[in-house]
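Asks: Just a sequence and a predicted model for now, questions to come.
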Amino acid sequence: MYRIEKDTLGEVKVPEESYWGAQTQRAVDNFPISGWKIPEEMIKAIAVIKFASAKANYELKLIDEKTKDAICQAAREIYEGKMKDDFPIDIFQTGSGTSTNMNVNEVIANRANEILGVGKGKKSPVHPNDHVNKCQSSNDVIPSSINIASVMLLKNKLIPAMKELADLIKKKEDEFKDLIKIGRTHLMDATPVTLGQEFSGYREQVLHCLEIIQNYIPRLSEIALGGTAVGTGINAHPEFPKLAIKYISEFLGHEFKETRNHFFSQATQDQMVALSGIIRTYAVALFKISNDIRWLSSGPRCGIGEIELPSLQPGSSIMPGKINPVIPESTMMVCSHVIGSDISIVIGGMNGNFELNTFLPIIGYHIINSIRILASATENLARKCIDGLKPNTKRMNELLEWSMALVTPLALKIGYDKAAEIAKKSVLEGKTVKQVVKELKLLQDDEIEKVLDPKSMIQPNADIIGSGGG
């Protein structure tokens with residue numbers, strides 16, 4: 001069943017049950033590209049903009065109270081997750097996101113008219129352009145929605161997940177502070193570290209990215225609303241942006257502000273390029289953490305095997321008993337996807353031509369999805385991997401004892417070249433460094449124990465340096 005709706009190009013058949021209108025239907029027909037839709041977080045952000053705009057327009061006496069109330073109710077319903085199926089437009093659409101802005105305008109107008117006792121498709125008493133979109137343009141609404149959705153996702157999802165991960169890593173850092181293991185550089189044996197020291201590096205990676213994200217939120221909170229078509233504010237009341245943004249802030253419980261420069265906020269997506277760079281940095285950090293954990297747990301008998309991960313599922317369809325590091329691997333795939341998405345965002349940012357960026361839908365799609373999946377992956381890694389991992393102290397001690405890297409402090413006593421010979425002899429004869437040094441009687445037994453004590457190697461060793469050397 002269809003109803004007939006009209007726009008400036010003529011009549012269009014619209015499914016009877018749908019709240020969208022003619023312009024949305026044209027976009028659905030014009031862009032059968034990917035099946036990827038504008039993220040729900042952006043749709044909700046646009047709905048909040050329409051809610052706040054209606055309240056501002058009523059306060060400025062630009063619309064009546066009935067219209068305001070109906071628009072606000074319809075917008076709130078969208079924000080609450082109702083009418084989810086009424087936003088069908090592909091992200092590969094017009095670069096300004098006009099189709100999506102009109103999609104929301106039409107859904108709100110049709111629902112508002114329904115609330116007021118009029119059927120869908122009438123455009124009266126509530127009109128999608130004249131009332132729902134009043135004092136706005138797609139060119140300021142869509143950039144604003146990307147900022148709003150990003151800020152709220154960062155605050156409500158990613159930042160809490162990062163804090164949880166940092167806290168759980170800190171718990172392990174404290175638990176492992178006295179567990180000495182071999183360090184590795186270039187994937188080769190290096191001097192000892194504690195497992196706690198290793199985990200302290202992971203925690204700082206998370207905290208570093210968390211700090212950058214938190215510091216950038218105030219700038220992301222400056223939005224383009226009020227600039228209308230090209231940044232000049234044409235067709236908008238001069239008091240509109242201040243009022244509308246006040247109502248957005250009240251609705252979401254976060255302080256948004258009018259951009260310091262509308263021409264910057266509409267002609268560019270530099271804020272999203274910068275945010276994507278920050279998000280990419282965190283993805284790189286999370287990849288490193290996950291990959292290290294994967295390597296440290298490898299084996300369990302024929303790999304490194306210094307830690308044990310929670311057993312979550314069988315790892316092979318052919319090898320019974322095999323358990324794989326599924327959570328770190330899942331996290332690493334998320335990170336690689338986020339890093340790839342950053343390229344699309346960067347290219348999108350380069351497509352700001354004169355007064356408008358024309359890659360807004362794909363920029364919004366990738367930044368919102370990147371934040372969302374990173375938040376989920378972070379939470380998953382924290383709860384299903386970090387929280388339950390355990391040390392394998394027996395394996396750590398075994399590898400520590402056999403490492404020829406323990407020869408390093410000997411260089412302070414007998415010189416680099418002689419120490420290198422001992423390391424080579426250790427490998428060739430299949431002996432520990434301590435065994436070789438004792439056989440060659442290069443030092444007294446008590447001095448050997450002191451110099452080759454792994455505990456002396458996990459911090460600056462001034463006492464050994466001060467006792468002379470070759």
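Replies: Ah, there it is.
Asks: From now on I want contacts and neighbour counts done on CA atoms only, so please keep to that.
Replies: OK.
Asks: what number of residues lie near A52?
Replies: Using other C-alpha atoms under 10 Å, A52 has 27 other residues around it.
Asks: Confirm that it sits in a helix.
Replies: Yes - under DSSP: H, G, I helix; E, B strand; the rest coil, A52 sits within a helix.
Asks: partner strands of the helix or strand where K6 lies, parallel or antiparallel?
Replies: Using DSSP states H and E, K6 maps to strand 2-7. With DSSP bridges as the test, strand 2-7 is paired with strand 10-15 (antiparallel).
Asks: Alpha carbons only: can I get the strand it pairs with in PDB?
Replies: Coordinates of the C-alpha atoms in strand 10-15 are reproduced here as PDB (Å, rounded to 0.1, in the frame of the first residue of the first chain):
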ATOM      1  CA  GLY A  10       6.500  16.200  -8.300                       C
ATOM      2  CA  GLU A  11       4.600  13.200  -6.900                       C
ATOM      3  CA  VAL A  12       6.300  10.200  -5.200                       C
ATOM      4  CA  LYS A  13       4.900   6.900  -4.000                       C
ATOM      5  CA  VAL A  14       5.700   6.400  -0.300                       C
ATOM      6  CA  PRO A  15       4.900   3.200   1.600                       C
END
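Asks: Okay, the residue sitting furthest away from the middle of the chain and R184: tell me how far apart.
Replies: Centroid-distance maximum for the chain: K441 at 57.1 Å, with C-alpha atoms, centre = their mean. From K441 over to R184 the distance is 29 Å, taken as C-alpha to C-alpha, to the nearest Å.
Asks: E11 too?
Replies: Using C-alpha to C-alpha, E11 is found at 69 Å from R184.
Asks: the strands in the stretch 101-250 of the chain, which residues?
Replies: 180-185, 188-194, 222-223 (DSSP state E, counting those that start in this stretch).
Asks: Of these, which is nearest M102?
Replies: Taking C-alpha to C-alpha, strand 222-223 is the member of those nearest to M102, at 19.5 Å.
Asks: Direction included, what does that closest one pair up with?
Replies: Assessed with DSSP bridges, strand 222-223 is paired to strand 257-258 (parallel).
Asks: Distance from the chain centre to the strand it pairs with, please.
Replies: Distance of strand 257-258 from its chain centroid, counting by C-alpha atoms, centre = their mean, to the nearest Å, is 24 Å.
Asks: Next, the residues that contact that strand from outside, please.
Replies: S221, E222, I223, A224, L225, G226, P241, K242, I245, K246 (C-alpha atoms under 8 Å, 6 or more residues apart in numbering).
Asks: could you pull out the strands for the stretch 301-450 of the chain?
Replies: Counting by DSSP E, counting those that start in this stretch, the stretch 301-450 of the chain has strands at residues 307-308, 352-353, 356-357, 390-391.
Asks: which helices and strands does the first one pack with?
Replies: Looking back up the chat, that one is strand 307-308. In terms of contacts (3 or more C-alpha pairs under 8 Å, 6 or more residues apart in numbering; DSSP states H and E), strand 307-308 is packed against strand 390-391.
Asks: Output the contacting helices and strands for the strand it packs on.
Replies: Right, strand 390-391 is packed against strand 307-308 by 3+ C-alpha pairs under 8 Å, 6+ apart.
Asks: Show the average pLDDT along the strand it packs on.
Replies: In this model, strand 307-308 has an average pLDDT of 96.
Asks: Between the strands of the stretch 301-450 of the chain, which one is closest to K170.
Replies: Proximity to K170 (C-alpha to C-alpha) singles out strand 390-391 among the strands of the stretch 301-450 of the chain, at 14.1 Å.
Asks: Tell me which of the strands of the stretch 101-250 of the chain sits most buried.
Replies: Highest mean neighbour count of these: strand 222-223, a mean of 24 (counted as mean count of other C-alpha atoms under 10 Å).
Asks: So what's the gap between that one and the chain middle?
Replies: 20 Å.
Asks: Other residues contacting that strand?
Replies: Identification of contacts with strand 222-223 by C-alpha under 8 Å, 6+ apart yields P143, S144, N147, I148, F256, K257, E258, T259, R260, S265.
Asks: please redo it, this time with the cut-off set to 7 Å
Replies: S144, N147, F256, K257, E258, T259 (C-alpha atoms under 7 Å, 6 or more residues apart in numbering).
Asks: before we move on, the earlier item: which of the strands of the stretch 301-450 of the chain has the highest mean neighbour count?
Replies: Of the strands of the stretch 301-450 of the chain, strand 356-357 is the most buried (mean count of other C-alpha under 10 Å), at a mean of 24.
Asks: That strand pairs with which strands, and in what direction?
Replies: strand 352-353 (antiparallel).
Asks: where does G35 fall, phi/psi-wise?
Replies: Main-chain dihedrals, G35, degrees, to the nearest 10: phi 80, psi 0.
Asks: coming back round to it: neighbour-wise, which one of the contacts of strand 257-258 leads?
Replies: L225 (32 neighbours).
Asks: Next up, phi/psi of it, please.
Replies: Main-chain torsions, L225, degrees, to the nearest 10: phi -50, psi 130.
Asks: Isn't it up against P241?
Replies: Yes - with contact defined as C-alpha atoms under 7 Å, L225 reaches P241; the gap is 6.0 Å.
Asks: what's around the closest residue to L356 other than its chain neighbours, how many residues?
Replies: Among residues not flanking L356 along the chain, A267 sits closest, at 3.9 Å (C-alpha to C-alpha, 6 or more residues apart in numbering). Using other C-alpha under 10 Å, A267 has 22 other residues around it.
Asks: now Q73
Replies: Q73: 17 neighbours (other C-alpha under 10 Å).
Asks: Does it lie in a helix or a strand, and which?
Replies: For Q73, the element it lies in under DSSP H and E is helix 65-79.
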